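> I need the structure of the sequence given here:
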Amino acid sequence: MYRDVNIYEVSEEIFKQLEKGAFLTVKHGDRVNTMTIAWGSIGHMWYKPVFMVMVRYSRYTHELINRADSFTVSLPLHGQLKDALAFCGTKSGRDVDKIKECGLTLKDGQMVDTPIIDDCDLHIECKIIYKEPLKLEGMADEIRSKYYSQGNHHVLYYGEILKAYIREK
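All right, here's what the predicted structure looks like:
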């Protein structure tokens, strides 16, 4: 059973879990993929609550999210799914069905077409409202050299947070 939450009231939990990993799930047509993310941002833009995720061009997830209209972020808050987070952060959906291999359970999103990872505790459903390739001009040299020296840049996807909910204890 889940209960709705205000995204700003659970932001501390989100930031703490992002450091350990969360699942970004996308769906286009009948294809669903999830990947581990450790970077993301919660904000308030255009008078809307927004969650921003970054996806590299090289990722299979990019192929899907670039054609999708939504994404979900699912966060395991109690230390579970460490192996699945590691697997989904190192394997490509082009080569393996990560959801099946990890035994993850998909559940339909409540407000979007993209499913959530039901094995997690906290879920954020987002409608994509803006996307922009990351521009390296103006970026601090130490960040550019550490994360982008080989190319393989990110695209930023801004999702209006339509719903956030947490598993009842």
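> For the closest residue to residue 37 other than its chain neighbours, which residues count as its bridge partners?
Leaving aside its chain neighbours, residue 37 sits nearest to residue 24 (4.7 Å; criterion: Cβ to Cβ, 6 or more residues apart in numbering). C-betas here are computed from N, CA, C, even on glycine. As for beta bridges, residue 24 partners with residue 35, residue 73 under DSSP bridges.
> Which residues are in contact with residue 24?
The contact partners of residue 24, by Cβ atoms under 8 Å, 6 or more residues apart in numbering, come to 34, 35, 36, 37, 53, 55, 61, 71, 72, 73.
> Out of these, which comes closest to residue 149?
residue 55 (18.9 Å; Cβ to Cβ).
> which element is residue 166 on?
Taking DSSP states H and E as the definition, residue 166 sits inside strand 154-167.
> what lines up beside that strand in the sheet?
Counting by DSSP bridges, strand 154-167 is paired with strand 2-4 (antiparallel), strand 48-56 (antiparallel), strand 122-133 (antiparallel).
> could those go into CSV alongside mean pLDDT, mean neighbour count and distance to residue 78?
CSV is the format used below for the strands paired with strand 154-167 (pLDDT from 0 to 100; neighbours: other Cβ atoms under 10 Å; distance: least, Cβ to Cβ, whole Å):
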stretch, mean pLDDT, mean neighbour count, distance to residue 78
strand 2-4, 96, 11, 15
strand 48-56, 96, 19, 21
strand 122-133, 97, 19, 10
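> Reformat those into JSON lines and put distance to residue 155 next to each item.
Output for the strands paired with strand 154-167, formatted as JSON lines (distance: least, Cβ to Cβ, whole Å):
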{"stretch": "strand 2-4", "distance to residue 155": "29"}
{"stretch": "strand 48-56", "distance to residue 155": "6"}
{"stretch": "strand 122-133", "distance to residue 155": "5"}
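> closest one to residue 79 among those?
Closest among the strands paired with strand 154-167, using Cβ to Cβ: strand 122-133, at 13.5 Å.
> Moving C-terminal from the closest one, which element do we reach first?
Counting by DSSP H and E, the next helix or strand C-terminal to strand 122-133 is helix 141-147.
> Identify each buried residue in that following helix, please.
For helix 141-147, burial by neighbour count (16 or more other Cβ atoms under 10 Å) applies to residue 147.
> Determine how far it lies from the middle of the whole chain.
How far helix 141-147 lies from its chain's middle: 23 Å, per Cα atoms, centre = their mean, to the nearest Å.
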